[in-house]
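**Q** When you get a sec, could you give me coordinates for this:
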Amino acid sequence: MSSRLFLNGWMLALLGTAVVGLVAWIAIRAGFYPSKARRSRFRDRLPLEDELFYERYYASFGFPKSTVISLRHELASAFNIDASKVLPTDRFSKELAVVRGWEYVDDAPDELFLLNRDREKRLGVAIPLAEFQTADDYIRTIASYESSK
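**A** As a prediction, the model looks like this:
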C-alpha cells in the first residue's frame, strides 16, 4: 500500500513539474513572440543605410540629418526591429502593427507613447500619435517639432 502511495506521489510531483514548466515556457515565449513575429514582416526587405535613407526621403525637407536618423532608430527600437529596414511607407496598421493575438503583451505602442510623453513635456506640444498612419508621419511631424524648438 505504501509503495502505491509513493508512486502516486511521484506521479503527482512529475505532473506538477510538467505543468509549471509548461506555464513558464508559455510566459517566456509570450515575451519574445511579438518581437519575432514583427521582425519576420521585414525579413525579406533589403537594408537601407541611414545616410541613403536621409538623402532619399528627407534631405529635401531641410530636417537635420541627426534628427531624422534618430527618429528612425527610435521607431526601430520601440518596435524591436532592425533600423536599416524601417521605411517611410511602413504603416502602423500593418508593418508596425501590434501582433494579432498578442495585444496584451506587445508593449511597442506603449514604449512609443512613453518616449513621446517626455518629448511633449520638453517641447511643450501635444504629439498626435493616434493620428499617425506611417513612419513618415511620425518622422516628419516630430522632426518639425524638434526643428522649431
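
**Q** Which element, helix or strand, includes residue 144?
**A** If you go by DSSP states H and E, residue 144 is part of helix 135-148.

**Q** and the residue nearest to residue 134 when sequence neighbours are not counted, what pLDDT?
**A** Excluding the flanking residues, the one nearest residue 134 by C-beta to C-beta, 6 or more residues apart in numbering is residue 91, at 5.4 Å. No exception for glycine: its C-beta is placed from N, CA and C like everyone else's. Residue 91 carries a pLDDT value of 95.

**Q** what's the closest non-adjacent residue to the residue most central in space within the chain?
**A** Computing the C-alpha centroid of the chain and ranking residues by C-alpha atoms, centre = their mean puts residue 79 first, at 1.6 Å. Counting by C-beta to C-beta, 6+ apart, the nearest residue to residue 79 once its immediate chain neighbours are dropped is residue 108, at 4.6 Å.

**Q** my read: the one you found touches residue 38, true?
**A** Yes: the criterion here is C-beta atoms under 8 Å, and residue 108 meets it with residue 38 at 7.4 Å.

**Q** Tell me the residues that contact both of the two, please.
**A** Common neighbours of residue 108 and residue 38 (criterion: C-beta atoms under 8 Å, 6 or more residues apart in numbering): 79-80, 96.

**Q** So what's the residue count around residue 107?
**A** Residues near residue 107, counting by other C-beta atoms under 10 Å, number 16.

**Q** Kindly provide the distance from it to residue 114.
**A** For residue 107, the distance to residue 114 equals 9 Å [C-beta to C-beta, to the nearest Å].

**Q** thinking again about what came up before, backbone torsions only: list them for the residue nearest to residue 134.
**A** For residue 91, the backbone dihedrals (degrees, to the nearest 10) come out as phi -100, psi 140.
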